[in-house]
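J.: Got a sequence here, can you model it:
(chains A, B, C and D)
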There are 2 protein chains.
Amino acid sequence: MTDELDRVDRQILKILQREGRIPNVELAERVGLSPTATGERLRRLQKDGVITGFGARLDPHLLGLNLLVFVEVSLDKTTPDAFARFAAAVRRAPEVLECHMVGGGFDYLVKARVADMPAYRRFLGEGLLSLPGVNNTRTYAVMEEVKSDGVLPL
Amino acid sequence: MTDELDRVDRQILKILQREGRIPNVELAERVGLSPTATGERLRRLQKDGVITGFGARLDPHLLGLNLLVFVEVSLDKTTPDAFARFAAAVRRAPEVLECHMVGGGFDYLVKARVADMPAYRRFLGEGLLSLPGVNNTRTYAVMEEVKSDGVLPL
DNA sequence: TCGTTTCGCCGCCGATCCTGCGGCAAACCG
DNA sequence: CGGTTTGCCGCAGGATCGGCGGCGAAACGA
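T.: The predicted structure follows:
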């Protein structure tokens, strides 16, 4: 079923990571296969879950989202379902782009985009701090995005 | 040229963020416009830079990248070009998915994916710590990815 | 008010692209 | 060695794309 990924598969993935809307025929001639074989590989990569989907990359600033922040969140360990409740709430919050449970000095690292500082104040107060079990937060505002593509190495 | 994004534009963006490879005709009937008008809007959104590109979302674990880490990096402020040199090196490193310059207790927050702990040890020692000007690092290993889509709110 | 311009949308149509089908050759296996 | 599997190809019908001309409504100015 799930074999090791072929060299052509990796090439397909590498191309599709950056040019997700490329037509199949052009993808085919770039990897040196026929469109039929290439389309077959693409379909298989999706069915096997290697490719989980396709998406457009948007410019946040042109959408009015000018502030990117990372928030370190610490939870009260007392309530046992605090983690589940926090995770569920975070998944519902549209400002939260990512949220990771980490090991170390705090519990969750949250990445969020908002319009500006007032909007972040609102998000912090009404969104994060009002969640039950949130003990402490520490905010880092991003001054410059050095690298943002998030392209996986192949 | 100058762009107030109208309601249909936002709907297009919202759909394309999650289904970037949807054919134009289906996109058209979902937003209630003709394929021609929809394609015209899509082209305009790309030309104006709102849509910066399209990409496939891949499953890191199926590619053998089982460890996600965040690294807080502090630089020596002594050398003036240390920041530029660090940024350039980070852009070249394939393991680094994101790198942000932040204000607060440290200078850069790095998000990286590697195969496992030994691979991270190698990346830390030969990649990050060997860069000139790197003063101190603090690593947080991700135990659970609560939210990873990175979809912008519209 | 009314003619003119502009803008966004539509329908049309040739070119392009997609996808299921049959065939073929190499690899695999009992 | 014969049969099966696997991956690829070419083909063809149907779907999709993208450029072109036209149309109606809103904006504009005299």
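
J.: Identify the residue nearest the geometric centre of chain A.
T.: A:Glu98 (5.6 Å; Cα atoms, centre = their mean).

J.: hey, what's it bridged with?
T.: Under the criterion DSSP bridges, A:Glu98 forms beta bridges with A:Lys111.

J.: That one: what's it in contact with?
T.: Residues touching A:Glu98, when contacts are defined by Cβ atoms under 8 Å, 6 or more residues apart in numbering or on different chains, comprise A:110-111, B:145, B:147-150. C-beta coordinates here come from the backbone N, C-alpha and C atoms, glycine included.

J.: ok, now with 7 Å
T.: Residues in contact with A:Glu98, defined by Cβ atoms under 7 Å, 6 or more residues apart in numbering or on different chains, are A:111, B:147-148, B:150.

J.: how close does it sit to B:Val146?
T.: From A:Glu98 over to B:Val146 the distance is 8 Å, taken as Cβ to Cβ, to the nearest Å.

J.: Tell me how many other residues surround A:Thr36.
T.: Counted with other Cβ atoms under 10 Å in any protein chain shown, the neighbours of A:Thr36 add up to 10.

J.: Show the backbone phi and psi for it.
T.: Here the main-chain torsion angles of A:Thr36 (degrees, to the nearest 10) amount to phi -60, psi -50.

J.: A:Val69 too?
T.: Dihedral angles of A:Val69 (phi, psi; degrees, to the nearest 10) stand at phi -130, psi 150.

J.: Show me where chain A has its strands.
T.: Applying DSSP state E to chain A gives strands spanning A:51-58, A:67-75, A:96-103, A:108-114, A:134-147.

J.: of all those strands, which gets the most neighbours per residue?
T.: Burial of those is given as mean neighbour count (mean count of other Cβ atoms under 10 Å in any protein chain shown); strand A:108-114 ranks first at a mean of 23.

J.: who's in contact with it?
T.: Against strand A:108-114 from outside (Cβ under 7 Å, 6+ apart): A:60, A:65, A:67-73, A:86, A:90, A:95-102, A:120, A:123, B:70, B:140, B:152.

J.: now that strand: mean pLDDT?
T.: For strand A:108-114, the mean pLDDT works out to 98.

J.: Of all residues in chain A, which one is closest to DNA strand D?
T.: Using Cβ to the nearest atom of the strand, the single residue of chain A nearest to DNA strand D is A:Ser34, 3.0 Å away.

J.: Next up, the contacts around that residue.
T.: With contact set as Cβ under 7 Å, 6+ apart, A:Ser34 has these partners: A:Ala28.

J.: Over to A:Arg10?
T.: With Cβ under 7 Å, 6+ apart as the criterion, the residues that contact A:Arg10 are A:Leu154.

J.: ok, now how distant is it from DNA strand C?
T.: As defined by Cβ to the nearest atom of the strand, to the nearest Å, A:Arg10 lies at a distance of 20 Å from DNA strand C.

J.: lowest average confidence, helix or strand, in chain A?
T.: Taking mean pLDDT, DSSP states H and E as the measure, chain A has helix A:82-92 as its least confident helix or strand, at a mean of 94.

J.: quick one: low-confidence parts of chain A?
T.: Chain A contains residues with pLDDT under 70 at A:1-3.

J.: That'll do, ta.
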